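Engineer: Fold the following, please.
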Amino acid sequence: MTMAPGDDVLVAVEAHLLTVLGQDSGRAGVSFLGADRVDVLRFGPDDDGLVRYVTLGMSRAPMSDPTATVADPTGPRAELLLSVHGLHDSVLRRLTVLAATSAVEGLIVAPGTSLTLGEPLWDGARFEAVLVVEAGGLVPNLELAAPAAPVRFLPLLPMTAEEAAYKRVHGAAALQEQWLHAGTDLRDPSRRTAPLRAPS
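Structural biologist: Residues are numbered from 1 along each chain as shown. I've put the predicted structure just below:
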């Protein structure tokens with residue numbers, strides 16, 4: 001059976017994730033109208049109770065400017081990574097929605113981007129938005145054959161409504177500085193809004 005375009009990339013991405021994070025402990029997938037299926041793999045919990053949720057499907061094709069007449073084969077490719085203490089499997093479907101944003105809305109997801117769900121990130125969560133940040137090295141980039149760009153694994157940091165509003169006004173760097181100054185544990189599922197001050 002022949003694979004659909006991009007499926008070979010997903011095979012490589014999944015193998016890469018299993019090599020780095022070990023065997024997944026669960027998964028779920030959703031197909032969207034006008035877009036290909038997106039899966040989310042769960043890894044953990046580990047000995048510290050930390051769980052990683054990673055999308056699989058966003059990197060099937062390069063992200064490109066929706067106004068471009070021809071997709072750039074060298075465009076950026078990415079998957080999304082959420083780290084949180086404890087099992088919150090209702091996040092699986094929500095993450096597929098965020099991962100499909102690129103294909104459905106023509107958005108190039110990059111560090112500094114805010115993604116908003118309009119519903120809790122998982123059942124009972126006080127977060128409805130996330131901040132996309134630079135890959136922190138947990139999952140190294142996956143190099144692909146030229147001319148394709150490598151697949152990057154971009155962490156998601158949950159934001160409360162107040163933090164999302166602060167980011168819109170002051171920018172991603174300022175919000176991250178506030179988190180750092182407050183010593184915020186961004187993997188704490190029950191954390192409250194960090195103290196927010198105007199940038200100096």
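
Engineer: Could you look up the next helix or strand downstream of whichever helix or strand residue 80 is part of?
Structural biologist: Per DSSP states H and E, residue 80 falls inside strand 77-85. From strand 77-85 onward toward the C-terminus, using DSSP H and E, the following helix or strand is helix 91-105.

Engineer: related to what we said a few turns ago, using CSV, list the CA coordinates for the strand holding residue 80.
Structural biologist: Taking Å, rounded to 0.1, in the frame of the first residue of the first chain, the C-alpha atoms of strand 77-85 are listed here in CSV:
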residue,chain,number,x,y,z
ARG,A,77,7.7,21.9,10.1
ALA,A,78,6.7,21.4,13.7
GLU,A,79,4.9,19.3,16.3
LEU,A,80,3.6,20.6,19.7
LEU,A,81,4.7,19.4,23.1
LEU,A,82,2.9,19.9,26.4
SER,A,83,4.5,18.9,29.7
VAL,A,84,2.2,18.7,32.8
HIS,A,85,2.2,17.0,36.1
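
Engineer: Within its sheet, name the partner strands of that strand and how each one runs.
Structural biologist: strand 50-56 (antiparallel), strand 151-159 (parallel) (DSSP bridges).

Engineer: Dump those to TSV, plus mean pLDDT, distance to residue 15 and mean neighbour count.
Structural biologist: C-beta here means a position set from N, CA and C on the backbone, and glycine is covered the same way. Below are the strands paired with strand 77-85 laid out as TSV (pLDDT from 0 to 100; distance: least, C-beta to C-beta, whole Å; neighbours: other C-beta atoms under 10 Å):
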stretch	mean pLDDT	distance to residue 15	mean neighbour count
strand 50-56	98	11	23
strand 151-159	98	12	23
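
Engineer: Distance-wise, check the residue most central in space within the chain relative to residue 56.
Structural biologist: Residue closest to the average C-alpha location in the chain (C-alpha atoms, centre = their mean): residue 80, at 2.3 Å. Separation of residue 80 from residue 56 (C-beta to C-beta, to the nearest Å): 10 Å.

Engineer: What residues are recorded as beta-bridge partners of the closest residue in space to residue 159 that isn't next to it in sequence?
Structural biologist: Spatial nearest neighbour of residue 159, excluding adjacent residues (C-beta to C-beta, 6 or more residues apart in numbering): residue 129 at 4.7 Å. The bridge-partner assignment for residue 129, based on DSSP bridges, gives residue 116, residue 159.

Engineer: I'd say residue 159 and residue 125 touch.
Structural biologist: No: judged on C-beta atoms under 8 Å, residue 159 makes no contact with residue 125 at a distance of 11.0 Å.
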